[in-house]
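> Got a predicted model here, sequence first, then my questions.
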Amino acid sequence: MSKYTEIYAPVGGKTKDVTKLSDPVFAQKMVGDGVAIYPNDSIIKAPCNGILNHVFGTNHAFTILTKENIEILVHIGIDTVELDGKGFIRIIEDISKPVTAGQDLIKIDLDYIRSQGKELDVIVIVSDSDSSFKFKKKLNKDLNANDLLFKFLVK
C-alpha cells in the first residue's frame, strides 16, 4: 500500500483551492498544485518535516524539501514580493538545519500587508506537481495551524 505525504496548515484560516486565486500563475497550477489559506494569524509555520531549502530574501516565500525529495513551496500573499520584505520577519535564522512540521518560521504583519493592497492568501504548493500526483485536499474549511491541510501520493 502506498503512503500519502501529509502537509499541515502553516497558519490558521479558511482554505480554498489554488484554482480560486487571483494570480494566474497559481490559479493555473503553473508552479504546482495545492491549497491556499486566508490567514487569521500572523505566524507562518513549517507545513511538514524536512530541510528548509530556500527562504527568499524578502521573507515572503520559502521551500522545504521533504524526505521523499519533493519540494513544498509556501508563498505568503499575492504580489507581496513588491513589498521588498516589509511586513515579513524571519523567525528562523539558521536555515541549514532540518525543520519540523509546526515550527515557527516567518512572522507577518497582516495589517501592513493589507494596507498595501496585497492579498493575504498563504499558498502551499507541491512544486512542479502534475498528473502523477494524487491529492486529497481540505477545501472551504476553517482550519487551525498544524491541522492536516492536504495529502498527496506520487502515483
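Noted; the coordinates are in hand.

> Isn't residue 98 up against residue 49?
Yes - counting by Cβ atoms under 8 Å, residue 49 is a contact partner of residue 98 at 7.0 Å. Where C-beta positions appear, they are placed from N, C-alpha and C, glycine not excepted.

> after the longest helix along the chain comes which helix or strand?
When the chain is parsed with DSSP state H, its longest helix is helix 110-115. Next in sequence after helix 110-115, counting helices and strands by DSSP states H and E, comes strand 119-127.

> quick one: contacts of that following strand?
7, 9-11, 13, 16, 18, 21-22, 26, 31-39, 44, 47, 63, 70-79, 110, 113-114, 133, 135, 149-150, 152 (Cβ atoms under 8 Å, 6 or more residues apart in numbering).

> Neighbouring strands - and their directions - for that strand?
strand 32-39 (antiparallel), strand 71-78 (antiparallel) (DSSP bridges).

> want to try JSON lines for those strands, with distance to residue 102 as columns?
Listed next are these as JSON lines, based on distance: least, Cβ to Cβ, whole Å:
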{"stretch": "strand 32-39", "distance to residue 102": "15"}
{"stretch": "strand 71-78", "distance to residue 102": "13"}
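
> Those: which one's closest to residue 128?
If you check each of these against residue 128 by Cβ to Cβ, strand 32-39 wins as the nearest, at 5.5 Å.

> Downstream of the closest one, the next helix or strand is which one?
Defined by DSSP H and E, the subsequent element after strand 32-39 is strand 43-45.

> Give me the buried positions along the helix or strand following that next one.
Using DSSP H and E, the next helix or strand after strand 43-45 towards the C-terminus is strand 50-55. Residues of strand 50-55 classed as buried by neighbour count (16 or more other Cβ atoms under 10 Å): 50-53, 55.
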